[in-house]
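A.B. asks: pasting the sequence and the predicted model now:
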Amino acid sequence: MNTQRLLTALALTGGLAFGGFGYWAGRSVHAEPTTAAAAARTPLYYRDPDGAPLWSAGPKKNESGRDYLPVYDDKATRDPLKPKQRADASRKILYYRNPMGLPDTSPVPKKDSMGMDYVAVFEGDEVDDGTLKLSPGKIQRTGVKSEPAERLPIHVSVKAPGTIQLDERRVSVIAMRAESFLQKVADVTTGTRVKAGQPLMEIYSSAVASAAADYLATITSNTVGSVEKYRRGSRQRLTNLAVPEQVISEIDKSHVAPVTVRWSSPRDGIVLERNAIEGMRANAGDVLFRIADISVVWALVDVAERDLGSITVGQPVSIRPRSFSGQTFSGKISVIYPQVNRDTRTARVRIELANPDFALLPDMYVDANIDTADGAPVLAVPESSVLDTGRRQAVLVDKGEGRFEPRAVKIGRRGGGFIEIRDGLAAGEAVVTSANFLIDAESNLKAALKGFAEATQQPSDGASGYAMGDHK
């Protein structure tokens, strides 16, 4: 029985050993060979024994004191790549570039510090016409999209804040031109809307009463000749005292000189100011009422100095009051004031607005949107297609078959998601509108690699060594 158990244990031990050898033989890329085999082979690099993503070009110990494990070149894992190498063997190799994308090239095959082979760059992968060639797979992965440049109008909007102000030509002031006493004041207050001809107050003035009596005497006199001239003079005296025309007409009809005179509103509008009080004495020049017509108002907006070159008189403007969400008023620029505020660097622009519903009130805040488009179509591309560094603007022209050409352009106005192209591009040429920054980065990388490749091929070893040392 003991003998049988011993034979069974030996069989299991041999099976495990055989199975383990077969498993590790399949993973011979990372296998550590025997001491004799290791002495005959040179490791590619050394890896961390605990499986951490750490590597070394030479023998080394980790933080635990364990030796890094050597990794050897395994032909079995490289055999699947043989067909690709044979397929590329028919093409001429220009140089070899660093597999990690570093700006380091070599005219002959070599390995980097990690033991990775340099990648061969074949003839045709790079061209000398300034274009960049990408594989269809990379174009699909990066999401490259192109659109043709076309002629269309650029709608550029200038936005500026402002306030509503009264039209200076629609404000009236009622003031006495002679000493007067207010006998009665109508039931109107500040903010009341009044109509033209609506009574506001009754006043007594000795100067007005004397002029009215004098005028009545002239129109009731039967004398002709010089009296006619005197009649016109006495009527003009009433006009000079600002007596309403309606009062003078009543004297002509009734032949009665009134003791008190009724003063009326000269226009439709709202009462902005009321200083009249019953029984008070008003001296010459005292303002008793101020009335404004707000059916038409002004929007005074402050346009930034940088936008003055794009606005002109007559351009349409959309005004949006901050008090009314979603409601807009339309108008046109009537005046551009000839002065720039030295503190805010803005110029004032006046827009006349119809206000039939009296919704716009004086000193109300508004936002103006000035459409500066002239309607003429210009060559334009989407904003996302322009690579703008501040000092240089460029686009990537899609030449087809995965080839892209960086091209410098001169840009103009921006608006509506488009940019005007004034020079450097023709109508119909396709430009990259998506992932152009990735292509630009690829172009810069390949340009750097090509520059290093040319430096290593220079005949002067001293110059080449200086360049590489300077790079390091």
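C.D. replies: Structure received.
A.B. asks: in space, what's closest to residue 258 - neighbours in sequence excluded?
C.D. replies: Nearest residue to residue 258, sequence neighbours excluded (Cβ to Cβ, 6 or more residues apart in numbering): residue 212, at 6.4 Å. Placement of C-beta: from N, CA and C, glycine included.
A.B. asks: now the one you found. Its backbone dihedrals?
C.D. replies: Backbone torsions of residue 212, given as degrees, to the nearest 10, read phi -70, psi -40.
A.B. asks: got the contact list for it?
C.D. replies: 238, 243, 251, 257-258, 261 (Cβ atoms under 8 Å, 6 or more residues apart in numbering).
A.B. asks: any low-confidence regions in the chain?
C.D. replies: 1-40, 73-90, 100-103, 123-131, 134-135, 137, 222-229, 374, 436-472 (pLDDT under 70).
A.B. asks: what about the helices in the stretch 1-150 of the chain?
C.D. replies: 2-26, 35-40, 75-78, 82-88, 136-142 (DSSP state H, counting those that start in this stretch).
A.B. asks: helix or strand next in line after the helix or strand hosting residue 350, which one?
C.D. replies: Per DSSP states H and E: residue 350 is located in strand 346-354. On the C-terminal side of strand 346-354, the closest following helix or strand by DSSP H and E is strand 365-371.
A.B. asks: what sits up against the helix or strand just after that following strand?
C.D. replies: Once the chain leaves strand 365-371, the next helix or strand it forms, by DSSP H and E, is strand 378-382. With contacts defined as Cβ under 8 Å, 6+ apart, strand 378-382 is touched by 147, 149-154, 395, 412-413, 417-422, 425-427, 431, 433.
A.B. asks: which among those residues end up buried?
C.D. replies: By neighbour count, with 16 or more other Cβ atoms under 10 Å, the contacts of strand 378-382 hold 149, 153-154, 395, 413, 418-421, 425, 431, 433 as buried.
A.B. asks: ok, residue 262 touching residue 243?
C.D. replies: No - look at residue 262 against residue 243 with Cβ atoms under 8 Å: they stay out of range, at 10.0 Å.
A.B. asks: neighbour count: these two, which is higher?
C.D. replies: residue 243 (23 against 18; other Cβ atoms under 10 Å).
A.B. asks: is it true that the more buried one lies in a strand?
C.D. replies: No - using DSSP: H, G, I helix; E, B strand; the rest coil, the secondary structure at residue 243 is coil, not a strand.
A.B. asks: wouldn't it be in contact with residue 210 here?
C.D. replies: No - counting by Cβ under 8 Å, residue 243 does not reach residue 210; the two are 11.9 Å apart.
A.B. asks: what helix or strand is residue 407 located in?
C.D. replies: strand 403-408.
A.B. asks: tell me the gap between the next helix or strand after that strand and the middle of its chain.
C.D. replies: Sequence order places strand 410-415 as the next helix or strand after strand 403-408, per DSSP H and E. Relative to the mean C-alpha coordinate of its chain, strand 410-415 is positioned 12 Å out (Cα atoms, centre = their mean, to the nearest Å).
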